[in-house]
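# Have a look at this prediction, sequence included:
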Amino acid sequence: MVRLGIRLPLQAEPATPGGRLRVALPTPSGLSQGWLDDNANLTRGFPALTRAAVITRALSLLGSPYGWGGVGGTRDCSRLMMDLFGGFGLLLPRNSWMQSRSGVRQLDVSTLDDQAKARAIQAAAQDAVVLLYMKGHIMLYVGQDGDHLYAMHLFSGYLRPCDGGGETMMRANRALVSSLELGRGSSRKAFIQRISTLVVLGGETSTEEAAP
């Protein structure tokens with residue numbers, strides 16, 4: 001098995017259509033030979049960094065198990081973004097805070113209310129890929145359905161308020177597409193309330209901050 005986003009030197013094309021490619025694989029003793037099936041999951045060089053391409057590839061990772069810090073070969077939120085964008089030739093830092101400082105531009109939305117923040121997200125996503133950062137977590141914005149905005153991310157869980165008082169930890173522990181309304185009314189607040197920075201990858205360059 002090879003990890004999403006890995007780049008390997010191509011040594012030989014398949015002898016027949018749909019055959020296997022010979023690649024160089026790093027090992028503890030040096031480069032060795034390996035073979036990969038020639039299919040839609042492989043590209044020669046890097047594909048274009050478009051919203052459609054990124055979201056399509058991200059959705060192929062739905063259900064991936066969560067592991068804080070990547071324990072046991074699993075992924076956490078920032079490792080997911082590293083692997084996802086590595087396949088497009090974009091090398092992101094390892095942790096979510098450093099990733100929030102990446103991209104063509106960053107938009108500070110920490111002071112905006114929910115409606116203004118939603119408008120800023122939608123505007124940034126018109127011609128670019130947008131990551132949503134809140135303290136300790138990062139997500140990929142995937143779109144809107146009705147009044148709700150949605151993100152694809154890898155996370156442990158969220159708090160949900162109980163009808164009779166108190167709150168319950170709802171466990172995810174895998175990659176999901178979820179509404180940014182998750183957590184509304186809990187002590188942690190909704191995801192959209194906690195988002196502080198939009199990371200814009202591609203699109204027009206600008207140093208302007210989001211405005212209400």
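Sure thing, it's come through.

# only C-alpha atoms for contact and neighbour calcs from this point on.
OK.

# Pretty sure residue 176 sits against residue 153.
Yes - the criterion here is CA atoms under 8 Å, and residue 176 meets it with residue 153 at 5.8 Å.

# neighbour-wise, which of those two wins?
A direct count of neighbours by other CA atoms under 10 Å for residue 176 and residue 153 places residue 153 higher, at 30 against 20.

# The more buried one: what secondary structure?
Three-state assignment for residue 153 (DSSP: H, G, I helix; E, B strand; the rest coil): strand.

# Give me the distance between it and residue 22.
33 Å (CA to CA, to the nearest Å).

# do the same with residue 50
29 Å.

# So for these two, which residue has more residues nearby?
Taking other CA under 10 Å, residue 50 and residue 22 do not tie; residue 22 has more neighbours (19 against 16).

# For that one, list the residues it contacts.
Applying CA atoms under 8 Å, 6 or more residues apart in numbering, we find residue 22 in contact with 10-14, 33-36.

# Am I right that residue 183 is in contact with residue 192?
No - contact criterion CA under 8 Å: residue 183 and residue 192 do not qualify, at 9.3 Å.

# Burial check on residue 172, number of neighbours?
15.

# Over to it. Which of the three states is it?
Residue 172 ends up strand, using three-state DSSP.

# Pull up the gap between the nearest residue in space to it that is not next to it in sequence and residue 193, please.
Nearest in space to residue 172, with sequence neighbours left out and distances taken as CA to CA, 6 or more residues apart in numbering, is residue 157 at 4.9 Å. Computed as CA to CA, the residue 157 to residue 193 distance reads 16 Å.

# Would you map the helices across this structure?
Along the chain, counting by DSSP state H, helices occupy 51-59, 77-86, 96-99, 114-124, 191-194.

# Reformat those helices as JSON lines; add distance to residue 6, mean pLDDT and mean neighbour count.
Output for the helices of the chain, formatted as JSON lines (distance: least, CA to CA, whole Å; pLDDT from 0 to 100; neighbours: other CA atoms under 10 Å):
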{"stretch": "helix 51-59", "distance to residue 6": "14", "mean pLDDT": "93", "mean neighbour count": "16"}
{"stretch": "helix 77-86", "distance to residue 6": "7", "mean pLDDT": "93", "mean neighbour count": "22"}
{"stretch": "helix 96-99", "distance to residue 6": "19", "mean pLDDT": "96", "mean neighbour count": "18"}
{"stretch": "helix 114-124", "distance to residue 6": "28", "mean pLDDT": "97", "mean neighbour count": "18"}
{"stretch": "helix 191-194", "distance to residue 6": "31", "mean pLDDT": "98", "mean neighbour count": "21"}
